[in-house]
Structure formats: structure tokens, C-alpha cells
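Novice: Quick one: sequence plus predicted model below, questions after.
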Amino acid sequence: MTSSSTCTMALACLLAAGLVAGASAQAAPPGQRTQQMREAREQLHQRFVAADKDGNGQLTRAEAQAGMPRVYSAFDQIDTQRKGFVTEAEITAAIAARLASRKGTPQ
């Protein structure tokens, strides 16, 4: 497996939770979809806060490795500006982009 395909697989694993939430939300009535998406976002937020050991709103590669291994596996694809850290918003954007590409909708 090439480095590129490994990164792609890692991002796919990272986004699996978002895809599952999105798929189950699509099958649910609109009100329930909204609730499921809220719950998925809240779960991501809780995991992010727990992994962000210094509480600065940024996950370093080490924090991601220790607390959010799927984020760690896809770190370079999420940290597109090569800052050395990722934010919750960047992780959410990566999930949204992946969901949109799966649906075939433009971003």
C-alpha cells in the first residue's frame, strides 16, 4: 500500500463516524436527522476537548496521536496549511468535505 493510499484510508477511517451519522441521519425524519447530527457534533467536540490536553483549542500531532488516533492518521490531510496543529473546525470541515464528496455534491 502506498503512502498516499495509507493516508486516504486513514482519512476514510477518521470520517467513518461522520459517514455513519450522515447515513443514519439521511434515513431518519428531518427532526431526528437534526438531533443525530447534533449528537455526532457533540461527540466530536467531547473527544476533541479530552484530547486537547493544554486546552488551547488546537491538537498537536502528539495530542492527536494520544487522544484521537484517527485524526492522527489523517493529520497531514487535515492540516493543509502545515501549521503543526489542527482545530476542531478543521476536523469538522474535513468530515463535511468527505461527506459532500460521497454524495457527489459540490462544496
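Specialist: That came through, no problem.

Novice: Okay, helices next: where are they in this structure?
Specialist: 3-27, 30-51, 61-67, 69-73, 75-78, 88-103 (DSSP state H).

Novice: Return the member of these having the minimum mean pLDDT.
Specialist: Between the helices of the chain, the lowest average pLDDT goes to helix 3-27, which shows a mean of 47.

Novice: what's the burial count for N56?
Specialist: 11 (other Cβ atoms under 10 Å). To be clear about C-beta, it is placed using only N, CA and C from the backbone, and glycine gets the same treatment.

Novice: got it, and the one 10 residues further on?
Specialist: The local packing of A66 (other Cβ under 10 Å) involves 13 other residues.

Novice: give the contact list for it.
Specialist: Applying Cβ atoms under 8 Å, 6 or more residues apart in numbering, we find A66 in contact with A51, K53.

Novice: Which residues outside stretch 56-63 are in contact with it?
Specialist: Counting by Cβ under 8 Å, 6+ apart, residues outside stretch 56-63 touching it are 48, 51-54, 67-68, 71-72, 75, 84-88.

Novice: Give me the buried subset of those residues.
Specialist: By neighbour count, with 16 or more other Cβ atoms under 10 Å, those hold F48, A51, D52, G67, M68, V71, Y72, F75, F85, V86, T87, E88 as buried.
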